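S.K.: Sequence and predicted structure, then a few things I'm wondering about:
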Amino acid sequence: MRENAKKAPPAPEVLDKVTDLLWEANLQVKPMPFVREFIAEDDTDSAYEIQRRINARKIAAGRTRVGRKVGLTNPMVQKAAGVSEPDYGTIMDDMVFHDGVVFDPKKYVAPKIESEVAIGLAKDLHSWDIPAIEDAIDWVAPSFELVDFHYEYYGMKIADTIADNAGCAGIILGPEQKYGDIDLSQVTLSLTRDGEEITSGVGSNVMGNPLNAVAWLAKTAIEQDIPLQAGEVLLPGSIGMIMWFDYGPTYAAHISGLGTVTARFEVE
């Protein structure tokens with residue numbers, strides 16, 4: 001067999017086992033072994049299947065899908081993870097928070113935070129052409145993504161991230177404004193921790209333009225027969241670096257032309 005030949009997919013009982021483990025980790029807010037201990041670390045098809053199964057359980061429990069996020073949009077992060085394209089996760093209704101939110105540490109394993117431009121859709125997207133995407137955008141807003149994985153440490157490979165919802169544990173939305181003629185590739189970010197800047201960046205860090213990340217997501221969603229719909233909130237990727245979300249300090253992200261969003265954790 002050639003070394004680069006695709007491995008056989010895991011047996012159904014393996015996917016069942018991993019889904020059960022990850023679901024229990026979600027419910028108990030506890031770490032579990034990496035998914036790659038059960039499936040190949042580059043088996044994205046199986047990883048997305050696990051994510052879909054977890055989402056189905058969430059929906060069966062009464063939650064509603066309200067958006068999607070794109071991860072691994074920074075080339076440096078892709079190289080570190082050994083991948084050449086982004087991944088995505090699903091945003092449920094109970095994962096959406098607003099400016100000034102205070103989180104409970106007991107509800108998360110090892111939280112991190114990153115800032116990006118949130119995008120609200122006014123129309124369904126059945127194309128990944130940039131003009132169609134721009135026409136479908138209703139509003140934009142400064143936002144945070146609360147990142148949290150159910151693993152012992154941050155050493156994930158692509159299958160690990162995809163299966164665990166691409167790390168998305170919540171989003172924090174700042175003030176919304178109509179999209180208009182804002183050039184998202186040129187917006188600048190300053191993310192501070194109790195007033196001290198800890199990371200910064202420009203919109204072009206996100207695949208050249210956050211709209212390119214939305215195009216990748218729209219194409220992927222169409223190919224998987226779950227196209228992006230009107231009313232969904234999209235997170236196209238972090239403008240700056242991902243940072244630890246420490247308990248106590250106030251984190252504030254200012255994105256030029258969009259405004260500021262803040263969040264913090266209670267002190268344990």
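M.R.: Yep, it's here. Residues are numbered from 1 along each chain as shown.
S.K.: And the residue nearest the centre of the protein?
M.R.: With distances taken as Cα atoms, centre = their mean, the residue of the chain nearest its centroid is residue 69 (3.9 Å).
S.K.: roughly how far apart are the nearest residue to residue 235 once chain neighbours are set aside and residue 161?
M.R.: In space, residue 235 comes closest to residue 69 once its chain neighbours are excluded; the distance is 3.9 Å by Cβ to Cβ, 6 or more residues apart in numbering. Every residue, glycine included, has its C-beta placed from N, CA and C. Applying Cβ to Cβ, to the nearest Å, the value for residue 69 to residue 161 is 11 Å.
S.K.: list residues touching both of these two?
M.R.: Common contacts of residue 69 and residue 161 (Cβ atoms under 8 Å, 6 or more residues apart in numbering): none found.
S.K.: Extract the C-alpha trace of the helix or strand hosting the residue nearest to residue 235 and format it as CSV.
M.R.: For residue 69, the element it lies in under DSSP states H and E is strand 65-71. C-alpha atoms of strand 65-71 as CSV (Å, rounded to 0.1, in the frame of the first residue of the first chain):
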residue,chain,number,x,y,z
ARG,A,65,-28.4,26.3,15.7
VAL,A,66,-28.0,30.1,15.2
GLY,A,67,-24.7,30.4,13.4
ARG,A,68,-21.3,29.0,12.5
LYS,A,69,-17.6,29.8,13.0
VAL,A,70,-14.5,29.4,11.0
GLY,A,71,-11.3,28.4,12.6
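S.K.: just checking, what packs against it?
M.R.: strand 87-92, strand 168-173, helix 210-223, strand 233-235 (3 or more Cβ pairs under 8 Å, 6 or more residues apart in numbering; DSSP states H and E).
S.K.: returning to that earlier point: who are the contact partners of the residue nearest to the centre of the chain?
M.R.: 88, 89, 90, 91, 145, 166, 168, 171, 234, 235.
S.K.: For the first one, which residues count as its bridge partners?
M.R.: When you say that, I think you mean residue 88. Note on residue 88: beta-bridge partners residue 70, judged by DSSP bridges.
S.K.: pretty sure it contacts residue 67?
M.R.: No: counting by Cβ atoms under 8 Å, residue 88 sits too far from residue 67 to count as a contact (10.5 Å).
S.K.: Find residues that contact each of those two.
M.R.: With Cβ under 8 Å, 6+ apart, residue 88 and residue 67 have no common neighbours.
S.K.: quick revisit: with mean pLDDT and distance to residue 31 added, can I get the helices and strands packed on strand 65-71 in a markdown table?
M.R.: Shown next, in a markdown table, are those (pLDDT from 0 to 100; distance: least, Cβ to Cβ, whole Å):
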| stretch | mean pLDDT | distance to residue 31 |
| --- | --- | --- |
| strand 87-92 | 97 | 18 |
| strand 168-173 | 98 | 14 |
| helix 210-223 | 96 | 28 |
| strand 233-235 | 98 | 24 |
